[in-house]
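Asks: Any chance you can model this:
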Amino acid sequence: MAESEIDEQIHAETLPEKADEHEQLDEENRLKPEYVASVIEALEEEDEGRAYDLVEPLHPADIADLLELLQPEQRHLLAAAITDLMSGEVISELNDYVRDDMIESLPASAVAGIAEQLDTDDAVQLIEDLDPRDQRAILAELDPENRAVIENALSYPEETAGRLMQRELVAVPEHLKVGDLIDFMRDQDDLPTEFWEVFIVDHRHRPVGACQLSWILRTPRHIPLTDVMQRDQTLIPVGMDQEEVALRFQKYALISAAVVDEGGRLVGQLTVDDIVHIISEEAGEDALLMSGAGEGDINEPIRDAYSARVRWLIANLGTALVASLIIAAFGAAIEQLVALAILMPVVASIGGNAGTQTMAVSVRALATNQLTKSNTRRILWREMRVAMLNGVTVAALIGIATAVIFSPMLGLVIATAVVINICTAGLAGVAVPVLFDRVGQDPAVASSVFVTMITDSMGFFAFLGLAVACGLAG
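Replies: As a prediction, the model looks like this:
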């Protein structure tokens, strides 16, 4: 068949599916509200055939999105209507809370059947958050080989390379030639369906090199693999934290990487699609931790969301009392000069925003290894200089406005207080996350609560203290 005929055939086969997707997805590739409403209507009318026809053209990832948009009872109805479409791909794309809800409503044998369709890393993700009793029931339904692989993965700590890695890979001995490898891959039926490189191992199953498929296809058959393989590899220890794994993929522009155990033996691989999920997860997690919002998932149970957030609000209440005590100490001065009460929130707000800016930069730098023990002083001095420039600029604006509206002396006082508070914010925005990091805690964990306390307290103290010292009140 000519190449043009093949292209026309592919186009003809894929065109109807694209047309269907266009009807269900908007220009931002999200499910249209009217489409979701039509699925809900079919479920409410108990028209399973219509619901199936509406969902059938969707990509598995879009089916997962649809399930997440429905109420729990509607999800179960839809899952029952589209049983054969509820593939492992759909389940693996679901939000954690939605997936757990769906899995708990299925018998162990059905969950085991889904798990066996998945790569080991996705199967582990499917099972790992279930309670031990449900885990045991599902594992008992798996065939012995899959059960052993998943049990081994679950033995590693969460968010480590061992928990995340795929066991499906292609590894061959180093004595083979290119032609031998090609014949091996053609003859074997149990190879992974998708892979980008072949790992070359020695007699102890330790990786000694890797060959990309493109190299293999373009190399004559008689050439030994040792002549074309890349010997310098980025090997991932099985116990490495997922955040560090993501940094290595980013730093060395990896598509896949071998995972090795404590003895240096090849036990799995990580691929870039896994890393994309990790990067997205870590970025969102850091942003939520800085605000004290817990996991911040809209599908999280209300009780879990409450318990995650309320403890930081209580902590914030305690830190706010520090600022209140400072204000109380200058109560007499505030009574004499009402302008102080009017301008206090300005000083505190500007300092808080400046601290948040610096803190966000610091947390990101710590997460990406740009801020380490070797350059902490340099980064601190850099942020202090930025804070000084910001402080002088903002102080000039607020000082002039205050001098015009109230008095020149009060303008000078608030300008000085703003400079002091923004410089304090710059210091706290670096110091607080670094301190968390030094004591082995996540630097994003509610740093904003403590930075806000420092900037509010210093802002009030500097402004009110300078006002009293200059004889404006008190």
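
Asks: As a check, name the ranges of all strands in the protein.
Replies: Applying DSSP state E to the chain gives strands spanning 171-173, 197-201, 207-212, 236-237, 256-260, 266-271.

Asks: residues in contact with the shortest one?
Replies: With CB atoms under 8 Å, 6 or more residues apart in numbering as the contact definition, strand 236-237 has outside contacts at 161, 165, 245, 248, 257-260, 262, 270. Every residue, glycine included, has its C-beta placed from N, CA and C.

Asks: Which one of the strands of the chain lies nearest to residue 462?
Replies: Among the strands of the chain, strand 236-237 comes nearest to residue 462, with 49.0 Å by CB to CB.

Asks: picking up where we left off before, do you know which of the strands of the chain lies nearest residue 123?
Replies: Of all those, strand 266-271 sits nearest to residue 123, with 13.0 Å by CB to CB.

Asks: how near is the residue lying closest to residue 202 once chain neighbours are set aside to residue 188?
Replies: Leaving aside its chain neighbours, residue 202 sits nearest to residue 208 (5.3 Å; criterion: CB to CB, 6 or more residues apart in numbering). Residue 208 is 21 Å from residue 188, where distance means CB to CB, to the nearest Å.

Asks: got it, and residue 93?
Replies: From residue 93 over to residue 188 the distance is 29 Å, taken as CB to CB.

Asks: These two: which has the busier surroundings?
Replies: Between residue 93 and residue 188, residue 93 has the larger neighbour count (other CB atoms under 10 Å), namely 20 against 9.

Asks: Adding distance to residue 119 and mean pLDDT, write the strands of the chain out as CSV.
Replies: Putting the strands of the chain into CSV (distance: least, CB to CB, whole Å; pLDDT from 0 to 100) gives the following:
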stretch, distance to residue 119, mean pLDDT
strand 171-173, 16, 94
strand 197-201, 16, 94
strand 207-212, 19, 93
strand 236-237, 17, 95
strand 256-260, 13, 93
strand 266-271, 9, 93
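
Asks: Mean neighbour count and distance to residue 278 for those - can I get that in CSV?
Replies: As requested, the strands of the chain are arranged in CSV below (neighbours: other CB atoms under 10 Å; distance: least, CB to CB, whole Å):
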stretch, mean neighbour count, distance to residue 278
strand 171-173, 15, 24
strand 197-201, 22, 20
strand 207-212, 20, 21
strand 236-237, 20, 12
strand 256-260, 23, 13
strand 266-271, 23, 9
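
Asks: Domain boundaries for the protein, per the record?
Replies: Residue ranges for the domains of the chain, per automatic domain parsing: 15-158, 171-291, 302-469.

Asks: Mean neighbour count, these: which tops it?
Replies: Among the domains of the chain, domain 302-469 has the highest mean neighbour count (mean count of other CB atoms under 10 Å), at a mean of 19.

Asks: Show the average pLDDT along it.
Replies: For domain 302-469, the mean per-residue pLDDT is 87.

Asks: for stretch 154-166, same thing?
Replies: The predicted model assigns stretch 154-166 a mean pLDDT of 89.

Asks: got the contact list for stretch 179-197?
Replies: Here stretch 179-197 makes contact (CB under 8 Å, 6+ apart) with 119, 166, 168-170, 172, 176, 198, 210-213, 216, 221-222, 225, 255-256, 271.

Asks: so which of the strands of the chain gets nearest residue 135?
Replies: strand 266-271 (20.4 Å).

Asks: ok, and what's touching the closest one?
Replies: Counting by CB under 8 Å, 6+ apart, 120, 161-162, 164-167, 169, 171, 196, 199, 201, 205-207, 236, 238, 245, 249, 255-261 sit against strand 266-271.

Asks: Quick one: the helices in the stretch 151-300 of the chain, in order.
Replies: Here the stretch 151-300 of the chain has its helices, by DSSP state H, counting those that start in this stretch, at 161-164, 178-187, 213-218, 225-228, 242-252, 272-291.

Asks: wait, the stretch 301-450 of the chain
Replies: Secondary structure of the stretch 301-450 of the chain (DSSP H, counting those that start in this stretch): helices at 302-329, 331-336, 338-367, 376-405, 408-438, 447-469.

Asks: want to throw these into JSON lines with distance to residue 109?
Replies: Output for those, formatted as JSON lines (distance: least, CB to CB, whole Å):
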{"stretch": "helix 302-329", "distance to residue 109": "29"}
{"stretch": "helix 331-336", "distance to residue 109": "71"}
{"stretch": "helix 338-367", "distance to residue 109": "42"}
{"stretch": "helix 376-405", "distance to residue 109": "55"}
{"stretch": "helix 408-438", "distance to residue 109": "46"}
{"stretch": "helix 447-469", "distance to residue 109": "47"}
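
Asks: what's the closest of those helices to residue 130?
Replies: Nearest to residue 130 among these is helix 302-329; the distance by CB to CB comes to 16.1 Å.

Asks: how big is the angle separating that closest one from helix 338-367?
Replies: Here helix 302-329 runs at an angle of 130 degrees relative to helix 338-367 (axes from the mean of the first three to the mean of the last three CA atoms, to 10 degrees).

Asks: can you pull the contacts of the residue positioned nearest the centre of the chain?
Replies: In the chain, the C-alpha nearest the mean C-alpha coordinate belongs to residue 281, at 1.4 Å (CA atoms, centre = their mean). Not one residue lies near residue 281 by CB under 8 Å, 6+ apart.

Asks: In contact with residue 349, which residues?
Replies: Contacts of residue 349 (CB under 8 Å, 6+ apart): none.

Asks: Now do residue 281 against residue 240, distance only.
Replies: From residue 281 over to residue 240 (counting by CB to CB), the distance is 16 Å.

Asks: brain fart, residue 183
Replies: 35 Å.

Asks: do residue 332 as well
Replies: Computed as CB to CB, the residue 332 to residue 240 distance reads 59 Å.
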